[in-house]
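# Got a predicted model here, sequence first, then my questions.
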Amino acid sequence: MNYVVIILIGYLFGNLQSAYILGRIFKKVDIRKLGFGNSGASNAAVSFGWSWGIAVALLDIAKAVLSVVIVRRLMASGYVDQGYLPMYLNGAAVIFGHDFPFYMKFKGGKGTASYAGMLLGINPLLGIAGILLTTLVTVVTDHIAIGTLVLVTSGVISAIVLGHGLPSVMVSLLLWAVSLWKHIPNFKRIMAGTEHGLRHAINKHKKNK
């Protein structure tokens, strides 16, 4: 029953769609109808500009960190068993809430920033390393989809190498599979040479302003 509670907490945090909410309040638009067609940080950058993308990414990271920190407090109080699994389950629920928000007909973002936030909540050094690695790969390749794939793959490897336990590794593998599935259209376009890079999309936004 306690696991149900921490999963519910995570899912509700994940439903805090910063790109969608900020877009509705300040731009009077549904961001899912713009750019990449989702409510994630990269689409906020493409549709509204770099500063918006950074703000959304920070908010999406923060909601996952806060959710995992709450689980840490619950573990410290004895309400939830100690270990990595409760944090992974909660973090996964945040990502599922972000990807599939119930009040948006389950059409949200792709969970990259929330995944980074989950890692930060579980292990700050691991999270920082993941963010830096993702940023580097994205800048070099010009494709956030490739940066995301590196992030979730490194998360699985870290869970194995750092001994977070088989159940946690299984959760990491599930998140890896979901992320890959969400980005399949991107990878198909990258392989076909038809996927516009992040810099191209942002520059196009600037020209259209």
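Yes, it's here.
# what is the mean pLDDT for stretch 119-134?
Across stretch 119-134, pLDDT averages out at 96.
# Residues in contact with it: which ones?
61, 64-69, 71-72, 84, 87-88, 91, 112, 115-118, 147-148, 150-151, 154-155, 158, 162 (Cβ atoms under 8 Å, 6 or more residues apart in numbering). Heads up, the C-betas are built off the backbone N, CA and C, glycines and all.
# in this protein, which spans are helices?
Here the chain has its helices, by DSSP state H, at 2-14, 18-22, 41-48, 50-77, 85-99, 112-122, 124-141, 144-161, 166-192, 198-208.
# and the contacts of stretch 119-134, which are buried?
In terms of neighbour count (16 or more other Cβ atoms under 10 Å), the buried residues within the contacts of stretch 119-134 are 61, 64-65, 67-68, 71-72, 84, 87-88, 91, 112, 115-118, 147-148, 150-151, 154-155, 158.
# Using TSV, lay out the helices of the chain together with distance to Asp30.
Compiled in TSV, these are given as follows (distance: least, Cβ to Cβ, whole Å):
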stretch	distance to Asp30
helix 2-14	19
helix 18-22	7
helix 41-48	10
helix 50-77	14
helix 85-99	16
helix 112-122	19
helix 124-141	25
helix 144-161	21
helix 166-192	19
helix 198-208	17
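# Tell me how many other residues surround Gly14.
28 (other Cβ atoms under 10 Å).
# roughly how far apart are the nearest residue to Val171 once chain neighbours are set aside and Pro185?
Nearest non-adjacent residue to Val171, counting by Cβ to Cβ, 6 or more residues apart in numbering: Tyr88, 4.3 Å away. As judged by Cβ to Cβ, to the nearest Å, Tyr88 and Pro185 stand 27 Å apart.
# Can you give me the pLDDT of Asn2?
At Asn2, pLDDT is 89.
# Surely it touches Gln82?
No - using Cβ atoms under 8 Å, Asn2 makes no contact with Gln82, being 12.0 Å away.
# For the residue nearest to Val171, list the residues it contacts.
Met118, Ile122, Ala159, His164, Pro167, Ser168, Val171, Ser172.
# Once you drop chain neighbours, what's closest to Asp81?
Per Cβ to Cβ, 6+ apart, closest to Asp81 is Met75, 7.1 Å.
# ah, wrong one, I meant Gly83
Gly83's closest residue in space is Gly165 (Cβ to Cβ, 6+ apart), at 6.9 Å.
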